[in-house]
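Enquirer: Requesting a structural model of the entry that follows:
(one chain, ligands or ions: 1)
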Amino acid sequence: MNQDTTAIESHSSESRVFEPSQEFVEKARIRSAEEYQKLYRESLDSPDTFWKRETAELVFRTPFSKLHEWKLPHAKWFIGATLNVSESCLDRHLGTARADKAAIIWESEPGESRTLSYAELHRQVVAMSAALRSLGVGKGDRVAIYMGMVPEVVVGMLACARIGAPHTVVFGGFAAESLRDRINDCGAKVVLTQDGALRRGGLVPLKATVDKATLDTPTVEKVVVFRRLGQAQAPIEMKAGRDVDWNELVDSMKGQAEAGAPEIVDAEHPLFILYTSGSTGKPKGVMHTSAGYLAGAHLTSKYVFDLQDKDVYWCTADVGWVTGHSYIVYGPLSNGATCVLYEGAPNAPDWGRFWQLIEKHKVTVLYTAPTAIRAFIRQGTELPEKYDLSSLRLLGSVGEPINPEASVWYYENIGKKRCPVVDTWWQTETGSILLTTLPGAHRMKPGATGLPFFGVVPEVVDQSGARVAPGGGGFLVLKRPWPSMLRTIWGDDERFQRQYYSEIENVYFTGDGAREDSDGYFHVVGRIDDVLNVAGHRIGTAEIESALVSHPAVAEAAAVGRPDDLKGQALVVFVTLKPPHVASEEMKKKLGEHVAQEIGKFARPDVVRFAESLPKTRSGKIMRRLLKDIASGQKTQGDVSTLEDLGVLAKLASDE
Ligand code: PRX
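Expert: Residues are numbered from 1 along each chain as shown. I've put the predicted structure just below:
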């Protein structure tokens with residue numbers, strides 16, 4: 001761990017504060033700080049009463065006999081309960097007024113829309129469940145999903161949940177190698193994919209990438225292909241005996257309700273595995289289970305987004321990240337919300353696309369990322385002013401720290417000072433939002449995340465685990481287990497224990513730096529370990545380094561982050577080449593391309609710098625702190641082909 005907390009303490013303080021409007025408060029689910037406080041206290045002091053009441057609308061076939069059990073680091077929740085998560089998301093709405101309500105309003109990048117009611121989504125999920133079973137997928141088998149933002153990806157996820165087969169969704173921006181490693185790590189039996197997706201008018205050849213990835217995945221028996229674009233626009237090859245057409249398969253199952261019946265599973269049955277970057281080169285398969293995860297996603301969706309029956313809710317994340325899992329699929333659907341699902345890029349055809357979509361579908365709640373907001377700021381206010389945004393009533397932010405300027409711009413120019421902004425802190429591992437303000441109960445402080453959600457006990461501590469007084473910077477830890485926490489790392493429980501429960505005794509270590517202010521609001525500043533957050537994408541420096549050293553020209557590499565106005569952090573890599581390779585513009589491009597090929601385009605370094613040797617401590621550890629400082633300075637940046645003698649700097653630093 002790179003234990004650097006100085007930046008946390010020097011974080012600028014922001015004094016502006018915004019209160020929710022009277023109009024918002026009157027209709028909100030939680031209307032005052034006192035009401036929040038009462039529920040928060042109850043969630044800690046009488047958790048049985050709290051969780052029993054708050055999960056009453058979810059479908060449990062057998063109620064829990066004991067709320068939780070924890071032998072740290074292992075926690076179990078809702079012990080004895082049985083359920084099927086898809087019943088809470090779909091079946092529970094049938095036979096109510098919500099059956100015909102829109103569950104998903106899909107908007108393609110070129111601008112077509114398709115609406116699926118809860119009844120229709122249910123019908124498709126039942127058919128897909130039967131289809132997966134017909135392919136031999138059963139309870140406990142893993143299914144990999146490598147798709148774009150189409151309703152079928154939601155159908156695929158819920159169908160897996162329905163038959164008790166944990167899914168692992170791999171973001172469509174990952175390259176074949178990354179997809180292959182994830183499939184092999186969890187031993188997926190089936191892959192769900194689509195011919196191609198559209199991104200800024202261009203084709204993302206998803207099926208072709210699956211073909212490349214599955215050259216070396218012995219467990220994969222079948223690949224189910226959804227034809228989003230068709231052979232003319234997205235030509236693909238179907239491998240005889242392995243590849244199956246999605247629509248043909250599902251059509252052959254229609255009406256077979258029995259075959260699509262839900263598998264009733266234990267509360268702790270795995271629901272999904274989602275890979276995320278850690279501090280080693282190998283991504284971690286974060287495993288979430290059924291009842292606890294559902295409870296977390298459900299409750300946070302309901303209270304943080306204040307979901308009401310008439311809302312049209314839009315989370316702009318990709319379903320391949322945890323935000324898409326919890327806040328496009330499981331949380332909003334278990335609440336019976338109408339969700340917008342958008343296929344394309346925010347700037348297709350121009351940077352007004354989000355605002356046009358809000359006008360078109362009368363979106364009321366928008367949940368997006370600071371990087372997107374900063375990109376909008378650069379475009380000016382002309383585009384949002386062109387559209388009618390009066391349907392909006394609540395705004396959310398996620399994925400990285402939101403700087404006060406971006407938060408205030410969002411509040412003023414998108415929310416028109418009417419809509420509260422909730423900044424939500426959480427992680428793939430936490431499953432659901434843990435720190436936030438509740439929009440009708442709390443004032444918003446731009447730059448501050450907020451208070452703990454129900455059942456959550458955060459603390460800022462120093463290296464010895466002692467609490468740091470308000471105002472001081474330290475490590476953010478969670479002192480009590482919570483229902484939607486990860487249960488383990490797939491296939492590597494030892495890493496799970498080491499990663500989250502060994503840095504500081506008896507508490508969950510988030511890897512983030514934070515400080516608490518005198519109002520009890522938490523300000524999360526960012527990672528303090530070897531993980532970067534580039535444009536809201538979590539990237540492990542070790543993964544980048546191992547991708548670089550797999551290139552024949554590279555002897556050694558170090559990846560660090562540098563503050564970036566748009567992306568939050570930019571990725572800077574320092575590379576030592578193997579002779580006879582020499583530093584050049586061309587080599588820089590080649591190495592960037594290599595990382596894109598190995599991991600995905602989103603991980604392509606922003607800056608490649610060459611060095612004769614990398615600065616190291618006497619024990620041989622790369623001096624990342626020094627490299628970070630060098631990366632943040634503007635010096636030598638333009639000088640691309642000259643090798644930097646960082647060894648000298650290392651000597652200077654160690655002489656200090
Ligand atoms: O550093 C924190 C940052 O994103 C990390 C989690 O990344 P990931 O697992 O990919 O999940 C992203 C979506 C929840 C955290 O450790 N992060 C996330 N939200 C915030 C944040 N940092 C500051 N403020 C936030 N609201």
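Enquirer: and the stretch 201-350 of the chain, which residues reach the ligand?
Expert: Residues of the stretch 201-350 of the chain lying close to the ligand by Cβ under 6 Å from any ligand atom are Thr276, Val322, Thr323. Quick note: C-beta positions are derived from backbone N, CA and C, even for glycine.
Enquirer: which stretches of this structure aren't confidently modelled?
Expert: Across the chain, the ranges flagged by pLDDT under 70 are 1-13, 634-645, 647-656.
Enquirer: pull the longest helix from it.
Expert: helix 118-134 (DSSP state H).
Enquirer: Tell me the helix or strand right after it.
Expert: strand 143-146 (DSSP states H and E).
Enquirer: Name every strand pairing with that following strand and say which way it goes.
Expert: According to DSSP bridges, strand 143-146 has the following sheet partners: strand 167-169 (parallel), strand 190-194 (parallel).
Enquirer: how far does the next helix or strand after that strand sit from the chain's center?
Expert: Proceeding N to C from strand 143-146, the next assigned helix or strand is helix 151-163, under DSSP H and E. Relative to the centre of its chain, helix 151-163 is centred 18 Å away, using Cα atoms, centre = their mean, to the nearest Å.
Enquirer: from what I can see Thr510 touches Phe475, true?
Expert: Yes. Contact status for Thr510 versus Phe475: in contact at 7.4 Å, counting by Cβ atoms under 8 Å.
Enquirer: I'd like the residues of the stretch 201-350 of the chain next to the ligand written out as a markdown table, with neighbour count added.
Expert: Compiled in a markdown table, these are given as follows (neighbours: other Cβ atoms under 10 Å):
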| residue | neighbour count |
| --- | --- |
| Thr276 | 19 |
| Val322 | 26 |
| Thr323 | 23 |
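Enquirer: Which single one of these is nearest to Asp629?
Expert: Nearest to Asp629 out of those is Thr276 (Cβ to Cβ; 27.5 Å).
Enquirer: the strands in the stretch 151-300 of the chain, which residues?
Expert: Here the stretch 151-300 of the chain has its strands, by DSSP state E, counting those that start in this stretch, at 167-169, 190-194, 197-199, 202-204, 222-226, 243-245, 265-266, 270-276, 284-289.
Enquirer: Just say which of those is most tucked in.
Expert: Mean neighbour count (mean count of other Cβ atoms under 10 Å) peaks for strand 190-194 among the strands of the stretch 151-300 of the chain, with a mean of 28.
Enquirer: then it to CSV, C-alphas only?
Expert: The C-alpha coordinates for strand 190-194 follow below in CSV (Å, rounded to 0.1, in the frame of the first residue of the first chain):
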residue,chain,number,x,y,z
VAL,A,190,-21.8,-20.6,-21.5
VAL,A,191,-21.2,-17.1,-23.0
LEU,A,192,-24.0,-14.7,-23.9
THR,A,193,-23.0,-12.1,-26.5
GLN,A,194,-24.2,-10.1,-29.4
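Enquirer: which residues are contacting that strand?
Expert: Contact partners of strand 190-194, identified using Cβ atoms under 8 Å, 6 or more residues apart in numbering, comprise 132, 135, 137, 141, 143-148, 150, 152-153, 156, 183, 206-207, 210, 214, 220-228, 246.
Enquirer: Can you check what angle separates that strand from helix 118-134?
Expert: Angle, strand 190-194 to helix 118-134, by axes from the mean of the first three to the mean of the last three Cα atoms, to 10 degrees: 130 degrees.
Enquirer: what about strand 190-194, distance to the chain center?
Expert: Centroid separation for strand 190-194 versus its chain: 20 Å, with Cα atoms, centre = their mean.
Enquirer: related to what we said a few turns ago, what's the PyMOL line that selects buried ones from the contacts of strand 190-194?
Expert: Here is the PyMOL command that picks out the buried ones among the contacts of strand 190-194, judged by 16 or more other Cβ atoms under 10 Å:
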select buried, resi 132+135+137+141+143+144+145+146+147+148+150+152+153+156+183+206+207+210+214+220+222+223+224+225+226+227+228+246
